[in-house]
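> attaching a predicted model along with its sequence, questions to come.
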Amino acid sequence: MHATSARLGLGLAAVGRPAYITTARDSDLGDPAERSVEALRERAHELFDEAWALGIRYVDAARSYGRAEEFLGSWLDVHPERRAELTIGSKWGYEYVGGWRMDAAVHERKEHSAAMFDRQWPETLAALGSAPDYYLVHSVTPESSALGEEELLGRLRRLRADGVRVGLSTSGPHQAAVIRAALALADSPFSVVQSTWNLLEPSVAPAVQTAHDAGWTVVVKEVLANGELAHAEPGSRLEGSASGLPVDVFSLGAALAQPWADVVLSGATTTTHLRRGASAHPVAAPADLATDPVDYWRRRSERPWR
């Protein structure tokens, strides 16, 4: 087992549903017409087996990731003895509405209400077969009601009292403000945060450092920027910064080097990519690749589902 594998996690955003915003899906997943539920379940189980063999023990799912929780639950049905060694994080607050269609007009719907929590928590329990270790409000932004609705916060505090680590994931150019607001809550139920950090969008670093120092677990997502950091143009600054390392391995290594990063997610859709990620070592992150956060998130919002 590679020494860094214990800090890697497997994220299921790209394998729990037929369409997603990552690049190169046709080459990784094959013909879109062949992305049946059964085919993606089989692929997910192969990834779980490979992750287990590599020593990866963190798995990240969400209600909006199509059938990701169900795929993980069915794998655990076959390997119940492995559950105790895994840390499972899942998220609520988005629901998958794509109907397993590549051409769906809308793939997911966001709602951070107590009613949504009441509906999705039992769905998560049924799909996984047991409670997740971490349960996060999915994609909290400054516009979200999640940090100000006392009815919801009361439910999250009760969940914390039941032994589930409660957290939030963040998105958008104002991730840092959301984290600081969550840290400032009286009797905050939160102790886990999952945020986007990568070489193009590192602006959240000071806020997650503060959360880490406060005892929160920090999970890093989208370290390959949905594929932008998986490959580099010859002669580009990114290629030069990688200094001969494969760019995807370099980008993962930069995230692993962050002192506040407890778990770094791999969004691998193939066992080959998962093994490459497990070979990553911490490397110094160059500052000159960072882009404007507003521009980064605008470009992300324009990525097509494919």
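Nice, thanks for sending it over.

> give me the buried positions along stretch 137-144.
137-141, 144 (16 or more other C-beta atoms under 10 Å). From N, CA and C alone the C-beta is placed, and that goes for glycine too.

> can you give me the offset of that stretch from its chain's centre?
15 Å (C-alpha atoms, centre = their mean, to the nearest Å).

> straight-line length of it, end to end?
Stretch 137-144 has an end-to-end distance of 10 Å (C-alpha to C-alpha, to the nearest Å).

> what's next to it, contact-wise?
Residues outside stretch 137-144 that contact it (C-beta atoms under 8 Å, 6 or more residues apart in numbering) are 62-64, 91-94, 110, 112, 146-147, 156, 167-172, 174, 177-178, 181-182.

> may I see the PyMOL selection of the buried members of these?
Buried residues within the contacts of stretch 137-144, by 16+ other C-beta under 10 Å, are selected in PyMOL with:
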select buried, resi 62+63+64+91+92+93+94+112+146+147+156+167+168+169+170+171+172+174+178+181+182
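
> which residues touch the longest helix along the chain?
Longest among the helix segments of the chain by residue count, using DSSP state H, is helix 37-54. Outside of helix 37-54, the residues that reach it under the criterion C-beta under 8 Å, 6+ apart are 1-2, 5, 8, 10, 12, 15-18, 29, 59, 66-68, 70-72, 74-75, 78-79, 82, 100, 268-271, 274-275, 278.

> how about 7 Å then?
1-2, 5, 10, 12, 15, 18, 67, 71, 74-75, 82, 100, 268, 271, 274-275, 278 (C-beta atoms under 7 Å, 6 or more residues apart in numbering).

> from those, which land in helices?
71, 74-75, 271, 274-275, 278.

> follow-up on the earlier one: buried ones among the contacts of helix 37-54?
Buried subset of these (neighbour count, 16+ other C-beta under 10 Å): 2, 5, 10, 12, 15, 18, 67, 71, 74-75, 268, 271, 274, 278.

> re the thing from before, among the contacts of stretch 137-144, which are in helices?
156, 177-178, 181-182.

> ranges for the helices of the stretch 101-250 of the chain?
Applying DSSP state H, counting those that start in this stretch to the stretch 101-250 of the chain gives helices spanning 114-128, 150-161, 175-184, 205-213, 237-242, 247-256.

> for these, which one ends up most surrounded?
helix 247-256 (a mean of 24; mean count of other C-beta atoms under 10 Å).
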